[in-house]
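>>> Fold the following, please.
(3 chains)
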Amino acid sequence: MLLHEDRLFPAEPGVRQIARELYAHVRALPIVSPHGHTQAAWFALNEPFPDPAKLFVQPDHYVYRMLYSQGVSMDDLEIGNAVMKDPRKVWRLFASHYHLFRGTPTRMWLDYAFEVLFGLSERLSTRTADLYYDTIAARLRTPEFLPRALYDRFNMEVLATTDSPLDSLEHHKAIRESGWKARILPTFRPDPVVDPEFAGFSDRIAELGKLTGEDTPTWSGYLNALRKARTRFREFGCTATDHGHLTAQTADLSNAEAEKLYQAVLSGKADAAQQELFRAQMLTEMAAMSVEDGLVMQIHPGSTRNHNRKIYERFGRDTGADIPRPTNYVDALRPLLDRFGNEPGLTIILFTLDESTYSRELAPLAGHYPCLRLGPPWWFFDSPEGMTRFREATTETAGFYNTVGFNDDTRAFLSIPARHDVARRMDCAFLARLVAEHRLEVDEAMEVAHDLAYGLAKKAYRL
Amino acid sequence: MLLHEDRLFPAEPGVRQIARELYAHVRALPIVSPHGHTQAAWFALNEPFPDPAKLFVQPDHYVYRMLYSQGVSMDDLEIGNAVMKDPRKVWRLFASHYHLFRGTPTRMWLDYAFEVLFGLSERLSTRTADLYYDTIAARLRTPEFLPRALYDRFNMEVLATTDSPLDSLEHHKAIRESGWKARILPTFRPDPVVDPEFAGFSDRIAELGKLTGEDTPTWSGYLNALRKARTRFREFGCTATDHGHLTAQTADLSNAEAEKLYQAVLSGKADAAQQELFRAQMLTEMAAMSVEDGLVMQIHPGSTRNHNRKIYERFGRDTGADIPRPTNYVDALRPLLDRFGNEPGLTIILFTLDESTYSRELAPLAGHYPCLRLGPPWWFFDSPEGMTRFREATTETAGFYNTVGFNDDTRAFLSIPARHDVARRMDCAFLARLVAEHRLEVDEAMEVAHDLAYGLAKKAYRL
Amino acid sequence: MLLHEDRLFPAEPGVRQIARELYAHVRALPIVSPHGHTQAAWFALNEPFPDPAKLFVQPDHYVYRMLYSQGVSMDDLEIGNAVMKDPRKVWRLFASHYHLFRGTPTRMWLDYAFEVLFGLSERLSTRTADLYYDTIAARLRTPEFLPRALYDRFNMEVLATTDSPLDSLEHHKAIRESGWKARILPTFRPDPVVDPEFAGFSDRIAELGKLTGEDTPTWSGYLNALRKARTRFREFGCTATDHGHLTAQTADLSNAEAEKLYQAVLSGKADAAQQELFRAQMLTEMAAMSVEDGLVMQIHPGSTRNHNRKIYERFGRDTGADIPRPTNYVDALRPLLDRFGNEPGLTIILFTLDESTYSRELAPLAGHYPCLRLGPPWWFFDSPEGMTRFREATTETAGFYNTVGFNDDTRAFLSIPARHDVARRMDCAFLARLVAEHRLEVDEAMEVAHDLAYGLAKKAYRL
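Sure, this is the predicted structure:
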């Protein structure tokens, strides 16, 4: 057996018993997944997932960054290969390094998929590598493992993808038209058309103009194009935007200043400070549009993308070489909050990769401004210890009700139930301690556990 | 029952038993409250506290910031109204949102007052709102609930208020002259006359000149005026000063530079950097005066005051919209420490709203400089988790004896016993773990618990 | 009894039992000490350690910084006296303040030495001060307490000292030639000849030139001299370098720029920014040499040395007045990593005095770059709570295998077994919790415990 039924619950028997009871109350709730990186195409086309290596190793930077850190080469892992030459060899390489994942959430997510989805019960190792490979490969060819069957089996109520304003949303369209009753929604992520550092920025703007029929060489045409793109997303059920900037900086320029700045970044002659100012201004513009159209904003700042230059040049973006950086919110958000902070209809969900801000900036901000909510622990902190630190650092100032439940934020579809299960267990563990220490009564903890697992995500994301 | 006798103690039975024994040793000790924001007028006039809403909701920004963060309007809460139009309606609004406080210290403080002072035993909710209102309102009209009776009932040994150098201290005088045997002392908080960003700064300086008969338009006259004001405070038993600057920056300018800077800030033409430098210089000047007159310095840096512009413009200061910021101590304090760091008679108590400095800067500084002590967890960190993190992050470097016991730091007089009770319980819980893990023997833990609850505050504040 | 056999293990009986079993598996492993500040002369000369005060108080800044912070004068402790006038008086002063160390690791290390090495079982206090003094003084005169005998008794497998490139290594030579079978190795610490802020920098460079026969007034001659000095160290078994810079800043200048900068710093006319840039460049140069010769790099940044000006002027360096500062890694290391980050033969071990970087920067960096490993908690964090926070903050992202086991980093030879014992206990305590929470199976925890106590240090330091 890979999974123990009491996993992640505190060891003290009294606290564990409370955690069990709370978890029993929420374990079977439908999964609400309001933020992630699965592909609508999977559900539109409903084709079988490929082999085990292509499924578990190649797309998951949590997996191969750890292997790479210990000297396994990206080439041997066939990262970036459209078609793998020898997936079984890659799988064996992975299996022989499985001990590296001891104590990591990746290990828990994988073990969950191995046991619950594939019925494997002996630990992955060099010895069991082929057993795993063959078992998984065989199941992936069955109808029960097609994307739509898994979606249903995972008891998903709603799943949001993350999409560029330039995306045709054709797969979302296809899902809708297929008659399949799942709720798969796009999320509006405008980074490629609001961040001048993206390669080909002005070409993308031109493409946006073409798509929307707006005069994007002008500031007002550009804003109109974004407005139209948002409307198109909303027609496919989109309820939220997402913004992955280097910092949380916002700005509130006059229209004339903004127009001038836009021309500078469009010309490609803007310096780094102007580019940063443009991103800052665009967060405020996005907030203005959210006040109009009701889309919930998500801000995911603080990741230094493509830190490893050689890996980036060779393998491109999102290859495990993003590193967090210190992030300021208290000054950075002020221009936006000065303008919209007290706006009744606005919701902005803040995320961080800098845990020192939880108690210092984020909980105090969310514990005051009506528009602000705290997103769950993100990326490197989407883990048992990370979740514990988040609750310990934010609850006393912001309470539970200024948080928004869980995001799985994953590219790995098969890890979704595992991730939500970890989040539910950790929230129950935290609540169980409060109950055991007589800081909360058990009927209240039950209600909070339910809200954290289900209710708050639906409410915050307007789902 | 709202309160369990074992609340806040660790769940593991062996550790809990040790915590109980330590707590039994300190629970009944007198309360020493060396830093807070109660009003001397309450004790001078000894008038009944008004209705429940005016007592618990309107003055307590911990309470209404949470309500505001969830969309309750400040107007509906009658924040800022001198006389409440419908206090029962405000109370009901508060009661109907009481679930927001789950897991917060505010909830614990309130429940303590509700049960211990008002005999309420059923949870506050929409259903019990009127029962609460009527019960509290009735008791507030009895002699047992007059401020002086409560002071005695709380077993207070000493209570410090916080006062401007421009304050007449008439209420402190009245208390002294009334023959009542309580020890209520002022604290010298010169921010309004040393921080040029305060509105009406130069008018205040002029007022200070008038009060002290000193030639405040000159630098030496200004310093003399502050010296005289300190003396006046000391005559009323004041033992400490308090400084609430944006940063912990200190400076050590020559007399000529300081004089020139003073003229610049007085003229109202100083820029932000000059204003910051002036505050920095004034911390060092205050330290110089403390070396002379023995007043203990408290530095409370790192709060971005009035972060929400609209709330500030409408409701003024101290309305729940202050947000912490990253705070540096290692460089900022150096000019002051270069001059006075090794001074035998000086005590400076450092506070923080940036927990990342506990282990990185504050404990190493206090664990070396003889003049430095660490204040207890402040504001957002005056909570079970905040206190735990403080002890875990500072004890190993600075020990227990470079800390100064507890500050309740409250505007809410009725929360004082609750706050001290939480602090005593958390210190006993921390010590119990050390004993259970054989890192400290129980006789030593008993002594430390007593010092943390009582002895260290008296010693550090020279009370 | 001063020590309990279950000390530092979690109180919950089930977890404690697992911790005991893991610890039984590693407690008797040989000590690998790859980084520290003991003196080769002790082992070369093998003379008795002097009296108790000279042994425990005078050289240990952990001890006297705490005493100093509470008003004990450095003069009364005879800090800096080559021969102590009244060591018994110093010892009594120390004993009478022993309560200050409650809850600190210093207390645990001392109690370990007192009980295990000197057979003392009653707590140190004013009353037992003379008993301690006499007992320790008597044992120090026995052959069992000579440095070599202690080395053997401590079951040490290897011990690294820390040495300047200008050091003759005569004592290392003498040890080798003595026929004694211990493995005592130098570590190459070039700070005095790469950091222009060191007093007498250019004189040292000249001395380096003389020692190596290289033309150090030229950039290439200087680099050659460093290369030769490294070779000399390697001949004495050295496997690692160490770099104690103010920041972690690196640079990658062109040869021409570097040459010009070198001339500027050599002339003594470089400003602070140029000095910082030179240190930054030299980290990259040292990495280049490590790629050539295989020496492992250690970077120990973030200590503000000699923070207390008066203490520095009177007593010199390393007198307890070093204070950590905020440290950036994500930007600072990039120039070096751009050049050598993917180099297969390179190992760089990163340390920190800024715990906020554990989860934000260090674990993500070490969890990706193949050349990076995380050093154990250092200095103020070499403690039970510090070790717990380190594992909790880094394991989930970097795993166990991107860490390098324990460093005692001590000047106090007698504390070495105590420090390794604390590290082993804390690692077992952490692993026991993972096992009890079903996040790791016990056979895996056994293997990890062994690696953390022994295997990883040997591997990372190439010992």
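
>>> Relative to residue C:295, how far out is residue A:302?
35 Å (CB to CB, to the nearest Å). Every residue, glycine included, has its C-beta placed from N, CA and C.

>>> Okay, buried residues for stretch A:41-55 please.
Buried residues in stretch A:41-55, defined by neighbour count with 16 or more other CB atoms under 10 Å in any protein chain shown: A:41, A:42, A:43, A:44, A:46, A:49, A:51, A:52, A:53, A:54, A:55.

>>> List, one by one, the residues from the stretch 351-463 of chain A near chain B.
Neighbours of chain B within the stretch 351-463 of chain A, by CB under 8 Å from any CB of the partner chain: A:356, A:359-361, A:363-370, A:372, A:392-393, A:395-402, A:433-434, A:436-441, A:444, A:447-448.

>>> at 6 Å what do you get?
A:356, A:359-360, A:364-365, A:367-368, A:370, A:392, A:395-397, A:399, A:401-402, A:436-438, A:440, A:444 (CB under 6 Å from any CB of the partner chain).

>>> Secondary structure element holding the residue in the stretch 151-300 of chain A positioned nearest to chain C?
Taking CB to the nearest CB, chain C has its nearest neighbour within the stretch 151-300 of chain A at residue A:246, 11.3 Å off. According to DSSP states H and E, residue A:246 maps onto no helix or strand at all.

>>> Check residue A:290 too.
helix A:272-293.

>>> which other helices and strands contact that helix?
Here helix A:272-293 touches helix A:255-266, helix A:334-340, going by 3 or more CB pairs under 6 Å, 6 or more residues apart in numbering or on different chains; DSSP states H and E.

>>> For residue A:232, give me the backbone phi and psi.
phi -60, psi -40 (degrees, to the nearest 10).

>>> Which residue is the nearest non-sequential neighbour of it?
The shortest distance from residue A:232 to any non-neighbouring residue, by CB to CB, 6 or more residues apart in numbering or on different chains, is to residue A:169 (7.2 Å).

>>> what about that neighbour, how many neighbours?
20 (other CB atoms under 10 Å in any protein chain shown).

>>> So for it, what's the pLDDT?
For residue A:169, the model assigns a pLDDT of 98.

>>> Next one: it relative to residue A:300, how far apart?
21 Å.

>>> Give the rounded mean pLDDT of stretch A:3-17.
Computed over stretch A:3-17, the average pLDDT equals 98.

>>> what's the offset of it from the middle of its chain?
Mean-position distance between stretch A:3-17 and its chain equals 28 Å (CA atoms, centre = their mean, to the nearest Å).

>>> With stretch A:96-109 instead?
21 Å.

>>> That one and chain C in contact?
Yes - applying CB under 6 Å from any CB, one finds stretch A:96-109 touching chain C at A:100, A:102, A:103, A:104, A:105.

>>> Look up phi and psi at the second one.
Read that as residue A:102. Dihedral angles (degrees, to the nearest 10) for residue A:102: phi -50, psi 130.

>>> Tell me how many other residues crowd it.
21.

>>> Repeat that for residue A:170.
11.

>>> mind checking how far it is from residue A:242?
20 Å.

>>> try residue A:325
Going from residue A:325 to residue A:242 by CB to CB gives 19 Å.

>>> ok, now residue A:352?
Counting by CB to CB, the gap from residue A:352 to residue A:242 is 14 Å.
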